[in-house]
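Asks: Curious how this folds, go ahead:
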Amino acid sequence: MGVIMQTFYWDCPKDLPQQFQWWNFLKGKMAGLSKAGFTAIWLPPINKAAGQNSMGYDPYDYYDLGEFNQKGGKETYFGSKADLEALIVEAKKHNINIYADMVLNHNSGGDAEINPNDNVSRWTKFDPVSKTFPRNWEYFHPSDYETTDQMSFGDMPDLCHRNPKVYTALLEYGRWLLDEKGIDGFRFDFVKGYGAWMVRAIMELRGLKGKADFNPFGVGECWDSDRTIYDWLEEVNTWSDNPVHAFDFPLRYRLKDLCMTFGFSLKALLAGGTLLTDNAQGTAVTFVENHDVVRNDSIVNDKLLAYSYILTHEGYPCVFWQDYFNWNLGLENTPNGIAALVRVHENYAGGTTSVLYADDNLYIIQRNGWGSQQGLIYVLNNTGAWSGTWVQTQWKNRSFDTGAWWSSSTTDAPQQKQTNADGWSDFWAPPRGYTVYVPV
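Replies: A predicted model of the protein is given here:
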């Protein structure tokens, strides 16, 4: 499916600093990301939020992309409408899809008013300068249509999607982003807070690219156990013509254990409890960090081990901006970083997966290949010395090069390999490291 780059982290415009210039900053990165092999970018919420220095997760005016003077200024935290549109054009020029963050559960920044259903004052009076999707207490819980839904988000007013005006407005917002703004898909924020039918309805929309229609991509943030994520996927995708994906949070925490826990058994990578291991590869978006988990539960040891896993296995991998750029794990033009793993993913990581060997400290799998992607051999070593073993592959009398490798303790590169007439060879990885062998 390609590789996603999450193009933001918390308060990134202030951190670099690129306040009100983030869209321009990203525009300058599109050619390089495309060359590195990335095929999609995930943007933060693009609409005007409750404050000008907001990351966008407290939406105020869904149709203000940085053109109206409200909530502290004209631009969003990331820039102007013109800057955003220029970024979208540049991404399309380099064949990069654009996924926008959709916050559909909670709003903030409105004025106070009394909800007559319970006589409680809430901040539910929204009078956006765009004059599109104005809202009052009738649009929020408790509503005449529905008292409450699954969950609320903090103390922010909770939209009532059962109100036909809300439902219709959010569908129209999705259509507007697809048809008029050039968005290719959505990341749905906090999906545990509202009915899955709302996401399914948006995913049933069809976008237009010129005169050709397309199905938008979608991925939900269901931050929970594999069972809860499965239940959500089943609910949202039943009878859907365009199934949505989900982030594989259980896999992320298992990979955190791989990187951070002494004595982690590599056999655990085969155990159930993640979307990948529970045969949901077709709906799993795999990741190592994101803007939320990195703030209070980050991986600080040997993180490239986790990236080597998601970029060699099935699923749709997503790379985190800070890991690639700020913390220098991209390592472009070397075999030792995320960039090399992205190249391997795009050129070789096709087809199903076959486990060739697994014990507590050594793990070897084969991607069997599909179409132009020939497949690969991935070796993960959890010991302090070089480790490998003989395995039988699907390739007979075939030479293998090292497409990517890394070690926590050595700069010695793995050797090339050659299988015999029966497909056997010994494949090795360096100490506390990995090797990705690719057929030549």
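
Asks: Can you list the residue ranges for helices in the chain?
Replies: 12-15, 22-27, 30-36, 81-93, 164-179, 196-203, 226-237, 249-260, 293-296, 303-310, 321, 338-348 (DSSP state H).

Asks: what about the ones you listed, which gets the closest to residue 5?
Replies: helix 30-36 (5.8 Å; C-beta to C-beta). Every C-beta, even on glycine, is put in place using the N, C-alpha and C of the backbone.

Asks: Which residue, neighbours along the chain excluded, lies closest to residue 161?
Replies: Nearest residue to residue 161, sequence neighbours excluded (C-beta to C-beta, 6 or more residues apart in numbering): residue 198, at 4.9 Å.

Asks: export the helices of the chain to TSV and tack on mean pLDDT and distance to residue 67?
Replies: As requested, the helices of the chain are exported to TSV (pLDDT from 0 to 100; distance: least, C-beta to C-beta, whole Å):
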stretch	mean pLDDT	distance to residue 67
helix 12-15	98	18
helix 22-27	98	13
helix 30-36	98	22
helix 81-93	98	4
helix 164-179	97	14
helix 196-203	97	24
helix 226-237	95	33
helix 249-260	98	36
helix 293-296	96	30
helix 303-310	98	38
helix 321	98	26
helix 338-348	98	35
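
Asks: out of the ones you listed, nearest to residue 2?
Replies: Going by C-beta to C-beta, the one of those nearest residue 2 is helix 338-348, 7.2 Å.

Asks: can you pull the buried residues of the closest one?
Replies: Using 16 or more other C-beta atoms under 10 Å as the test for burial, helix 338-348 gives 338-346, 348.

Asks: got it, and stretch 254-262?
Replies: Buried residues in stretch 254-262, counted by 16+ other C-beta under 10 Å: 254-256, 258-259.

Asks: ditto for stretch 388-405
Replies: Neighbour-count burial for stretch 388-405 [16+ other C-beta under 10 Å]: 388, 391, 393-395, 398, 400, 402-405.

Asks: State the pair within those residues that is farthest apart.
Replies: 394 and 405 (21.4 Å).

Asks: is it true that residue 324 touches residue 5?
Replies: Yes: the criterion here is C-beta atoms under 8 Å, and residue 324 meets it with residue 5 at 7.1 Å.

Asks: residue contacts, the residue nearest the centre of the chain?
Replies: With distances taken as C-alpha atoms, centre = their mean, the chain has residue 318 as the residue nearest its mean C-alpha position (4.4 Å). Each residue near residue 318 by C-beta atoms under 8 Å, 6 or more residues apart in numbering is listed here: 3-6, 42, 247, 285-287, 290.

Asks: go on, residue 42?
Replies: Contacts of residue 42 by C-beta under 8 Å, 6+ apart are 4-8, 99, 101, 187, 318.

Asks: From residue 65, how far off is it?
Replies: Residue 42 is 17 Å from residue 65, where distance means C-beta to C-beta, to the nearest Å.

Asks: before we move on, back to that, count residues in the vicinity of the residue nearest to residue 161, would you?
Replies: For residue 198, the count of nearby residues is 22 (other C-beta atoms under 10 Å).

Asks: List the residues that contact it.
Replies: Per C-beta under 8 Å, 6+ apart, neighbours of residue 198: 104, 161, 167, 170.

Asks: Just name the closest of those to residue 378, please.
Replies: Nearest to residue 378 among the contacts of residue 198, with distances taken as C-beta to C-beta, is residue 104, at 37.8 Å.

Asks: Surely the closest one and residue 171 touch.
Replies: No: with contacts counted by C-beta under 8 Å, residue 104 stays clear of residue 171, the gap being 10.6 Å.

Asks: These two: which is more packed in?
Replies: residue 104 (23 against 15).

Asks: for that one, what are its contacts?
Replies: Applying C-beta under 8 Å, 6+ apart, the residues near residue 104 are 159, 161, 170, 188-189, 194, 198.

Asks: can you pick the most crowded of these?
Replies: residue 159 (27 neighbours).

Asks: Quick check: closest non-adjacent residue to it.
Replies: residue 166 is the one closest to residue 159 (C-beta to C-beta, 6+ apart), at 5.5 Å.

Asks: quick one, what contacts that neighbour?
Replies: 135, 139, 159-160.

Asks: Would you convert those residues into JSON lines that also reports pLDDT and distance to residue 372?
Replies: Putting these into JSON lines (pLDDT from 0 to 100; distance: C-beta to C-beta, whole Å) gives the following:
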{"residue": "135", "pLDDT": "98", "distance to residue 372": "49"}
{"residue": "139", "pLDDT": "98", "distance to residue 372": "49"}
{"residue": "159", "pLDDT": "97", "distance to residue 372": "44"}
{"residue": "160", "pLDDT": "97", "distance to residue 372": "48"}
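
Asks: which of those residues count as buried?
Replies: Buried among the contacts of residue 166 (16+ other C-beta under 10 Å): 135, 139, 159-160.

Asks: Looking at these, which is nearest residue 278?
Replies: Proximity of the buried ones among the contacts of residue 166 to residue 278 (C-beta to C-beta) peaks at residue 159, which lies at 31.9 Å.

Asks: Stretch 71-89: how far from the chain's middle?
Replies: Taking C-alpha atoms, centre = their mean, to the nearest Å, the mean C-alpha location of stretch 71-89 is offset from the chain mean by 22 Å.

Asks: for that stretch, which positions count as buried?
Replies: For stretch 71-89, burial by neighbour count (16+ other C-beta under 10 Å) applies to 71-72, 74-81, 83-84, 87-88.

Asks: Kindly report the same for stretch 318-326.
Replies: So stretch 318-326, judged by 16+ other C-beta under 10 Å, has buried residues 318-325.
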